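[1] got a structure for you, letters missing:
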């Protein structure tokens, strides 16, 4: 035990330095707004997010040092408050749009700003509260065994900022490239947004096979960050769905059978009415796009089963971690005492009374607020109790898992699926079944998803603070502020992105999220599918079990089933450009290995390639949000139509060459990323 106390933080405990200041809170809140909005956009489009802590730390030391004279501890508060934006936004986007897809049309009424705000705040506060007693057990006592990779990398960034150097330049370069690309693609439309190639249904060799790619900077950046292994597994799932199962099913299954399945799932009004997914023609009994029809009729259900099984399998693998985490947290609670003046600055947490009374307060809020679904106080109290119980469990699990493998690999989906299934079974056991109880299940799942996501990010922040010598209590206060600010902006962003365009309204689509390929909201639709099926006991289990055993086969082959399952569930247009980014990372790694260049994980996180890719993700996503806001107004939409060059270019070159022009621009951006990644990185120590 004495060895653990020998660790010396960068700023000694006895040093008095500016930390929790107004400018650090305001700057952190601003970054939380930016990265929170960008995360909502990315999560709804691709069902993926990346950690915001490192880019915020990089930008904070650059802007803070040059313009605001911030200290290292103030910069730490900035990244702490700002990173809450990304975690809260991801939890919100992954679950709460599910209200739109539940059985009763009335459930969509819960998808309002006030309900989203309340659930996001409660879930976020829960994640931060539960981490207060766990900090000493996981961050301090297991400093040598739980590396918390993003937290350690952030600490390296902050220390590097104190020692000089300009590591932020590369990230800003990526940001600029992404903005320029977004202007050319989403405003001027010089670059095609979604090039594709589709074989005809009557093709005797390969019917209705579709290859497509949403060639955006954020997808390339995400692919580079997650690497060739994960991105390769993701696109492999997409290849199975779009180039194996869809051509096979489109050939074997009659068009009327596909249409009837779409009617059953609500994607087509009636077999006698034209339109719907795949553009059904009731006169000729054919689809204009069989690949889309088969995807929505069958593949999404198979993918849902695969993702569910992959999440549960991932969770089962962490059972030893769960047991150890629970034991450790109970031990820390037993040994915890009241704070006093003799406690070192770097060991001062918020009081455990705040945790206890705060948890009771959250249950009370759930019980009394009319915006939270529920017919009576008993239902709401049960929901509140389930939230606290599942929250205590999965916050602990989330923290330890990110400590080992990082936030990007945290199986939040698996924890949320387990919560949804567990809550549904509890409800069924007391006779609460049917449409009326579906929103209650989603409330529990949504708040646990938000809490677990925030707990993972909070753990990384506390690790950073531990290394640089921050005051835990100040970080915890900053996290509370970050949660509230993020909840405010996440609700605004998600509601704005849900506004249908004029074309969608003309097709009878009321919600952009889930109603189109623009924002498919994959996790939210999955949660709603599970809740509907379990509560009504009418899930198409035959398709779900195909997906379940697809995940089992992947595990037997030694492949992480959750990544493969997500790829099978998402459109290939999402996973293919991500795989391109992963391929570039693989090529860079191969070149470095050939040159005998060896980098530590921390150096990889802060390498020029990673920083440039981070800039691509942030720039592309933020530009997407801004353009979505502009297009949401009638005047803005008219402006975008007026400045678009798409008709002129595609009319002059033809659609095929227009698509190839877009691919060429995407290739140039990939070449810039590749060349940047091969440059020697600035030293961090």
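    Received, thanks. None of the values given here were measured: they were computed from a predicted structure.
[2] can you map out the strands along this structure?
    Using DSSP state E, the strands found in the chain span residues 196-198, 210-212, 280-281, 286-287.
[3] partners of the second one, with directions?
    Spelled out, that is strand 210-212. strand 196-198 (antiparallel) (DSSP bridges).
[4] if you count neighbours, what's buried in the partner strand?
    By neighbour count, with 16 or more other CB atoms under 10 Å as the criterion, strand 196-198 contains no buried position. In this view, the C-beta of every residue, glycine as well, is placed from N, C-alpha and C.
[5] about what we covered before: tell me which of the strands of the chain sits nearest to residue 80.
    strand 210-212 (39.5 Å; CB to CB).
[6] not counting the closest one itself, show me its contacts.
    194-199, 242-243, 246, 289, 291, 571-573, 576 (CB atoms under 8 Å, 6 or more residues apart in numbering).
[7] rerun that using 10 Å as the cut-off
    Strand 210-212 is contacted by residues 194-199, 238-239, 242-243, 246-247, 289-292, 295, 517, 571-574, 576-577, 659 when judged by CB atoms under 10 Å, 6 or more residues apart in numbering.
[8] out of those, which end up buried?
    Buried members of the contacts of strand 210-212, scored by 16+ other CB under 10 Å, are 195, 199, 238-239, 242-243, 246-247, 289-292, 295, 571-574, 576-577, 659.
[9] which of the residues you listed fall in helices?
    If you go by DSSP state H, the buried ones among the contacts of strand 210-212 have 238-239, 246-247, 290-292, 572-574, 576-577, 659 in helices.
[10] between the residues you listed, which is nearest residue 615?
    Closest to residue 615, out of all of these and judged by CB to CB, is residue 577, at 16.6 Å.
[11] give me the distance between the closest one and residue 222.
    Per CB to CB, to the nearest Å, residue 577 is found 9 Å from residue 222.
[12] isn't residue 33 up against residue 487?
    No: in this structure, residue 33 is not within contact of residue 487 by CB atoms under 10 Å, at 11.1 Å.
[13] list residues touching both of these two?
    With CB under 10 Å, 6+ apart as the test, residue 33 and residue 487 both reach 85, 89.
[14] returning to that earlier point: so which of the ones in helices among the buried ones among the contacts of strand 210-212 comes closest to residue 354?
    residue 574 (41.5 Å).
[15] quick one on the thing from earlier: and the ones in helices among the buried ones among the contacts of strand 210-212 as a markdown table, adding distance to residue 145 and pLDDT?
    As requested, those are exported to a markdown table (distance: CB to CB, whole Å; pLDDT from 0 to 100):
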| residue | distance to residue 145 | pLDDT |
| --- | --- | --- |
| 238 | 37 | 93 |
| 239 | 38 | 95 |
| 246 | 46 | 95 |
| 247 | 49 | 95 |
| 290 | 53 | 94 |
| 291 | 48 | 94 |
| 292 | 49 | 91 |
| 572 | 40 | 91 |
| 573 | 41 | 89 |
| 574 | 36 | 85 |
| 576 | 38 | 94 |
| 577 | 37 | 93 |
| 659 | 51 | 94 |
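[16] what's the most distant pair in these?
    290 and 577 (23.5 Å).
[17] next up, the contacts around residue 479.
    Residue 479 neighbours (CB under 10 Å, 6+ apart): 28, 77, 80-81, 83-84, 87, 124-125, 127-129, 131-132, 454, 457-458, 461-462.
[18] which residues in the stretch 351-500 of the chain form helices?
    352-368, 377-405, 412-429, 438-468, 472-497 (DSSP state H, counting those that start in this stretch).
[19] ah, wrong one, I meant the stretch 501-650 of the chain
    So, for the stretch 501-650 of the chain - with DSSP H, counting those that start in this stretch - the helices run 502-506, 522-536, 541-556, 561-569, 572-594, 601-605, 608-631, 634-643, 646-653.
[20] so the second one versus helix 541-556, what angle?
    Between the axes of helix 522-536 and helix 541-556, defined by axes from the mean of the first three to the mean of the last three CA atoms, to 10 degrees, the angle is 130 degrees.
[21] for the fourth one, same thing?
    Per the same axes, to 10 degrees, the angle that helix 561-569 makes with helix 541-556 is 130 degrees.
[22] from the chain's centre, how far out does helix 561-569 sit?
    Centre-to-centre, helix 561-569 and its host chain are 15 Å apart (CA atoms, centre = their mean, to the nearest Å).
[23] for that helix, packing partners?
    helix 217-240, helix 300-317, helix 412-429, helix 522-536, helix 541-556, helix 572-594 (3 or more CB pairs under 10 Å, 6 or more residues apart in numbering; DSSP states H and E).
[24] try it again at 6 Å.
    For helix 561-569, the elements it packs on are helix 217-240, helix 300-317, helix 541-556, judged by 3 or more CB pairs under 6 Å, 6 or more residues apart in numbering; DSSP states H and E.
[25] other SSEs contacting the first one?
    If you count contacts as 3+ CB pairs under 6 Å, 6+ apart, helix 217-240 packs onto helix 561-569, helix 572-594, helix 608-631.
[26] how close does the residue of the chain most remote from its centre get to residue 514?
    Farthest-out residue of the chain from its mean C-alpha position, per CA atoms, centre = their mean: residue 283, at 42.1 Å. According to CB to CB, residue 283 and residue 514 sit 28 Å apart.
[27] and if you look at residue 35?
    Residue 35 sits 24 Å away from residue 514, going by CB to CB.
[28] who has more neighbours out of these two?
    More crowded of residue 35 and residue 514, by other CB atoms under 10 Å: residue 35, with 31 against 20.
[29] where in this protein is the helix or strand with the lowest mean pLDDT?
    helix 319-335 (a mean of 59; mean pLDDT, DSSP states H and E).
[30] what is the burial count for residue 538?
    Neighbours of residue 538 (other CB under 10 Å): 11.
[31] what score does the spatially closest residue to it that is not a sequence neighbour have for pLDDT?
    Distance criterion CB to CB, 6 or more residues apart in numbering; nearest residue to residue 538, sequence neighbours excluded, is residue 532 at 7.8 Å. Listed pLDDT for residue 532 reads 84.
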